[in-house]
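Visitor: Predicted coordinates and the sequence they were generated for:
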Amino acid sequence: MKKYSLLTVLIAIFCLPNLFYGQTSITVEETEDAPIISKHIYGHFAEHLGRSIYDGIYVGEDSEIPNKDGVRTDIIEALKDIQIPNLRWPGGCFADTYHWKDGIGPKEDRPSIVNAWWGGVTEDNSFGTHDFLNLCEELGAEPYLAANVGSGTVEEFTDWIQYVNHSEGSPMAELRKENGKEEPWNVKYWGVGNEMWGCGGNMTPEFYANLYRQYATFMTSWENENDLYRIASGANQDDYHWTEVLMRDIPKHLIEGVALHSYSFVEWQDKGSATDFNEEQYFSTMKTALWMQELIDKHTDIMDKYDPEKEIDLIVDEWGGWYEVEEETNPGFLYQQNTMRDAMIAGVTLNIFNNESDRVKMGNLAQTVNVLQAVALTDGADMLLTPTYHVLKMYTVHHDTKLLPVEFDSPEYTYEGESLPAISVSASKNDAGNVNISLVNIDAEKENKVEIDVDALDVDNMTAEILRSDELQDHNTFDDPEKIVVKEFKDFKLRTGTLEVTLPPFSVVVLKEK
Ligand code: AHR
């Protein structure tokens, strides 16, 4: 009789069931030192760009569209429902052209400017600092102000801090009171410019690092000095040199976060339609979305070198899918539809952020309403919620929970000889001790079965939700705003410490312990 080595037998025992059933084994464990998944990973970004602010968020106090202080109530409710943790404003590229004093005081006295980056349209400054910060208060979201470095001054920047954070006794605090706001808003998050390598001034990292040091030195709230959280404008995708220079040249006591921007697209020069795309274009988009893992790993490696204690956070303050604008819309307005492809981008990106939450402490999806990978689209009085919105809502279970590290080998999603990991997973445990697991299958054709070992976690009763549709290109329209909605999911079993889940093609599933 033929003899087999112990190793061969062990390999057979562990691998055969997988090959036979085509099933992927995932282990979820609780570790002592696992980080908290900051709710700020689920943050948003709204720029003065196209119909993001005007029309999308702000319609003015006199509008017939239901509003609170000029802000659409449908948007307020929708954002509250996804527990929006923070909102970055006023840009983007717009931030480095924005002079905040243009947007305070009586609206009729505010000067108009040209929005030089986005369509050359007139910006009347009717939505300004008070409007934005009051909106954040209404939403229960932390404001994240991206301040002007590219065309501003240290004085203008520090005046803004005084205006919004000083309670009294400074000229700016008095000006705020004259403008009707007695108490300060106490803004914690401050971006020191935006994309300084590009629209923020085409600077070298060495030049910007010095400029950053200058700005950061004068950033203080006096009364709550240690509460300011300063974010340096970060790298574009794989510009590792940028991160290296910032980490090397900026003293630790002057910085709390380093940013990173990465968008997903088919090809930057040929982005293709948001809704009319083929599998090749889908595959390419998912390739750039999944690239986020490598980007975070490599930027983190650099940060670890200078900051092994992880005192400085990585802030991915712009991410999302970027396609051609919808036909007959202003090319400078970046208005695009949102399909199941975008749900896939959101699902995998947020799983990456969760799993990297020891370094990634904030993310800002670009952009909230009517621009790029929006969570809501508006048309006059109508509003619809996109597939991306639904993913954000499903993932609220992970806000401020403890990460449960996962281990698995993903099956491959293969297209024309190239492969990507088909499955993406993250898991967490909340304060009540309940376990939540989010799973994405990006395969355009194949369902994938997974077997999740939760034995060590004592999980006993789970419910699940799914976001899926018949076609990858499916999307919600103003005629059919609920074509894609979250549904109850039943295709899973929990038995003796193992969860067996069948994930349909291009679906997002969240399992929640009751
Ligand atoms: O989100 C649109 C633009 O993309 C932002 O203004 C800029 O920061 C980035 O290049």
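Guide: Arrived safely, thanks for sending. Residues are numbered from 1 along each chain as shown.

Visitor: Under the pLDDT cut-off, which ranges of this protein? List them.
Guide: 1-22, 222-226 (pLDDT under 70).

Visitor: and the closest residue to the ligand within the stretch 201-350 of the chain, how many neighbours does it have?
Guide: Checking the stretch 201-350 of the chain residue by residue against the ligand with CB to the nearest ligand atom singles out Glu318 as nearest, at 5.5 Å. From N, CA and C alone the C-beta is placed, and that goes for glycine too. Burial of Glu318 is recorded as 25 neighbouring residues (other CB atoms under 10 Å).

Visitor: That one touches Val371, doesn't it?
Guide: No. Taking contact to mean CB atoms under 8 Å, the distance of 11.3 Å between Glu318 and Val371 leaves them out of contact.

Visitor: how many neighbours does the one residue in the chain that gets nearest to the ligand have?
Guide: Nearest residue of the chain to the ligand, counting by CB to the nearest ligand atom: Gly92, 2.6 Å away. As a burial measure, the neighbour count of Gly92 was computed by other CB under 10 Å and equals 30.

Visitor: For the residue nearest to it when sequence neighbours are not counted, list the residues it contacts.
Guide: If you skip the residues right next to it in sequence, Gly92 has Glu47 as its closest partner in space, 3.8 Å away by CB to CB, 6 or more residues apart in numbering. Taking CB atoms under 8 Å, 6 or more residues apart in numbering as the definition of contact, the neighbours of Glu47 are 53, 89-95, 118, 366-367, 371.

Visitor: now the residue of the stretch 201-350 of the chain closest to the ligand, what's its secondary structure?
Guide: In terms of secondary structure, Glu318 is strand; the call rests on DSSP: H, G, I helix; E, B strand; the rest coil.

Visitor: who's in contact with it?
Guide: Counting by CB under 8 Å, 6+ apart, Glu318 has contacts 45, 92, 259, 261-263, 364, 366.

Visitor: Please apply the same query to Lys305.
Guide: With contact taken as CB under 8 Å, 6+ apart, Lys305 is in contact with Met247.

Visitor: Helices along the stretch 1-150 of the chain, start to end?
Guide: With DSSP state H, counting those that start in this stretch, the ranges of helices along the stretch 1-150 of the chain come out as 6-21, 73-81, 129-139.

Visitor: and if you look at the stretch 351-500 of the chain?
Guide: Under DSSP H, counting those that start in this stretch, the stretch 351-500 of the chain gives helices at 387-394.

Visitor: what does it have sitting close to the ligand?
Guide: By CB under 6 Å from any ligand atom, the part of the stretch 351-500 of the chain that sits against the ligand consists of 366-367, 372.

Visitor: could you flag which of these are buried?
Guide: Burial by neighbour count, 16 or more other CB atoms under 10 Å: within those this picks out 366-367, 372.

Visitor: quick one on the thing from earlier: wait, the residue of the chain closest to the ligand touches Ala146, no?
Guide: Yes. If you go by CB under 8 Å, Gly92 and Ala146 touch, sitting 7.2 Å apart.

Visitor: list residues touching both of these two?
Guide: Asn194.

Visitor: Give me the neighbour count for Thr204.
Guide: Thr204 is flanked by 13 other residues according to other CB under 10 Å.

Visitor: which residues touch it?
Guide: When contacts are counted by CB under 8 Å, 6+ apart, Thr204 touches Trp197.

Visitor: Show me where the stretch 51-200 of the chain has its strands.
Guide: Ranges of strands within the stretch 51-200 of the chain are 67-68, 71-72, 86-89, 113-114, 122-123, 142-147, 189-192, based on DSSP state E, counting those that start in this stretch.

Visitor: Reformat those strands into JSON lines and put mean neighbour count and distance to the ligand next to each item.
Guide: JSON lines is the format used below for the strands of the stretch 51-200 of the chain (neighbours: other CB atoms under 10 Å; distance: least, CB to the nearest ligand atom, whole Å):
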{"stretch": "strand 67-68", "mean neighbour count": "16", "distance to the ligand": "25"}
{"stretch": "strand 71-72", "mean neighbour count": "24", "distance to the ligand": "21"}
{"stretch": "strand 86-89", "mean neighbour count": "27", "distance to the ligand": "10"}
{"stretch": "strand 113-114", "mean neighbour count": "14", "distance to the ligand": "16"}
{"stretch": "strand 122-123", "mean neighbour count": "16", "distance to the ligand": "14"}
{"stretch": "strand 142-147", "mean neighbour count": "24", "distance to the ligand": "9"}
{"stretch": "strand 189-192", "mean neighbour count": "26", "distance to the ligand": "10"}
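
Visitor: Output those strands as CSV; include the columns distance to Asp270.
Guide: Output for those, formatted as CSV (distance: least, CB to CB, whole Å):
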stretch, distance to Asp270
strand 67-68, 39
strand 71-72, 34
strand 86-89, 28
strand 113-114, 29
strand 122-123, 30
strand 142-147, 29
strand 189-192, 31
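
Visitor: From Leu404, how far out is Arg359?
Guide: Remark: distance between Arg359 and Leu404 (CB to CB, to the nearest Å) = 17 Å.

Visitor: Bridged to Leu503, which residues?
Guide: Each beta-bridge partner of Leu503 is listed here: Asn448, as defined by DSSP bridges.

Visitor: The ligand contacts on the stretch 51-200 of the chain?
Guide: 91-93, 194-195.

Visitor: want to throw those into CSV with distance to Asp307?
Guide: CSV is the format used below for these (distance: CB to CB, whole Å):
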residue, distance to Asp307
Gly91, 27
Gly92, 27
Cys93, 28
Asn194, 22
Glu195, 23
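
Visitor: Looking at the protein, which helix is longest?
Guide: helix 279-306 (DSSP state H).
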